[in-house]
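Undergrad: Model the following, please.
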Amino acid sequence: MSKKIFKKIFIAILIIMLLLAFSKSYSTLNIDNLSVVVAMGIDVSDKNHLQISFQFTNPSSVSESGTSEQAPSIIYSVDASSISSGINLINTYIGKSVNLSHCKVIAFSEEIASRGISDEIYTLINDTQIRPSTNIVISKTSAREYLENSKPLFENLITKYYEVFSGSSSYTGFTANATIGDFFDSLICHSCEPYAILGGVTSNSTEYSGTTNSENDTSTKSNSSSLSGQSTAENTGLAVFKDDVLVGELNSIETLCFSIIRNQVDGFLISVPNPNKVNSYIDLHVTPLVSPNIDVNISNGTPYITIDCRFTGRIYSMEDSANYLNDDMLNQISNSCNSYLEAIITEYLYKTAKALNSDINGFGKMAREHFLTLNDFYDYNWGEKYKDSFFEVTVDSSIRSSSMLTES
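TA: Predicted structure coming up:
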């Protein structure tokens, strides 16, 4: 047999082998045979099983970002005994293979989170398609209703909306980037507790009165704010867990305190009491200078936690009669800012310890260094001892006038 004929036979065999190797994967993994899930919702069904909602988007629309129209999405729900069973049932119903590799959000209803979600978290984290960066949301309404009301306002793709909606945490501190990876890590951790984004749906029933109230502004949370608009889903506040069970909620200002301690906020706007005018507030934009200095000591078996924060800030609100270039005035405002932040952070810390007994800030990781071995730390039982903690918070801020103001 000549070399030329042998070469042709070899090439023919190689082509046949390649066709056989990729024909099945092409037929099963072709984008036309996949149903791309962008978000999941998990509720309790009437039969006390799970109701699992899948929000799909058209895969071909992902590549059509040049269009001005929003890519369509659709939600299907199924009752099942487990998440895996629900996926199997929905595969049969829609006739395509469910793909979770683009799932950006997993929403749990408040009802199911209150009874424990460890089984669901373990199942999801064990799925190779679920990314650890997927956000976890605890909805004050049903998870399906939350998904139905999550609509992109400034994006054409719902996937893009889910990617960026938690980004406001870095410049407001009123929410956090809570992922399933972080939740799972905290769930198996002996020195911290899990948390999730608090979601909800606005009622659109609150009318604007023409006045503002600083205390009300900062105490809002999902499902209880005055927001209204085309997209009625909101993500304000945090859901606090003890192990895998939902035990409480944080409003916007409490979530800001959480973000400050975790050093997860680049800058934030607060309203502090005006030192020269009763029942009046001054708006400040505050920026952390350094990460908080946190020290955890064990004194007579009781945790004693000190937190030292340093900030710089600018005045946002203006008054005709106020001289915001005066050094004495700026010192008074700085002191007011210090007192305000010290008070709200301390109140937040005692809420997590006394009312919720949940160390979502992970102080236990710093307490471990006071024990010779991990077994000694485990025997100490930080999860229960955290409720006995004492806190001391010190804030040092330097407030200056707005950059628009200069001495004339």
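
Undergrad: ok, which stretches of the stretch 151-300 of the chain are strands?
TA: 195-201, 233-242, 245-250, 268-273, 281-288, 293-299 (DSSP state E, counting those that start in this stretch).

Undergrad: of those strands, which approaches E342 most closely?
TA: Nearest to E342 among these is strand 268-273; the distance by C-beta to C-beta comes to 11.3 Å. C-beta here means a position set from N, CA and C on the backbone, and glycine is covered the same way.

Undergrad: which other helices and strands contact that closest one?
TA: With contacts taken as 3 or more C-beta pairs under 8 Å, 6 or more residues apart in numbering; DSSP states H and E, strand 268-273 sits against helix 169-172, helix 214-218, helix 252-261, strand 281-288, helix 327-350.

Undergrad: thinking again about what came up before, is it possible to get CSV of the strands of the stretch 151-300 of the chain that adds mean pLDDT, mean neighbour count and distance to V137?
TA: Rendered in CSV, the data for the strands of the stretch 151-300 of the chain read as follows (pLDDT from 0 to 100; neighbours: other C-beta atoms under 10 Å; distance: least, C-beta to C-beta, whole Å):
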stretch, mean pLDDT, mean neighbour count, distance to V137
strand 195-201, 95, 26, 4
strand 233-242, 94, 25, 7
strand 245-250, 98, 19, 12
strand 268-273, 94, 20, 22
strand 281-288, 94, 19, 26
strand 293-299, 94, 13, 28
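
Undergrad: close enough to count as contact, W382 and A367?
TA: Yes: W382 is within contact range of A367, at 6.1 Å (criterion: C-beta atoms under 8 Å).

Undergrad: So what sits opposite V36 in the bridge?
TA: T57, N99 (DSSP bridges).

Undergrad: Walking through the stretch 101-250 of the chain, point out its helices one by one.
TA: 110-113, 118-126, 143-148, 158-164, 169-172, 180-187, 214-218 (DSSP state H, counting those that start in this stretch).

Undergrad: same deal with the stretch 301-408 of the chain?
TA: 327-350, 363-367, 374-380, 382-385.

Undergrad: Would you point to the one among those helices that's packed deepest?
TA: Mean neighbour count (mean count of other C-beta atoms under 10 Å) peaks for helix 363-367 among the helices of the stretch 301-408 of the chain, with a mean of 20.

Undergrad: The helix or strand hosting M40 relative to helix 118-126, how many degrees between them?
TA: Under the criterion of DSSP states H and E, M40 resides in strand 34-44. Interaxial angle, strand 34-44 versus helix 118-126 (axes from the mean of the first three to the mean of the last three C-alpha atoms, to 10 degrees): 160 degrees.
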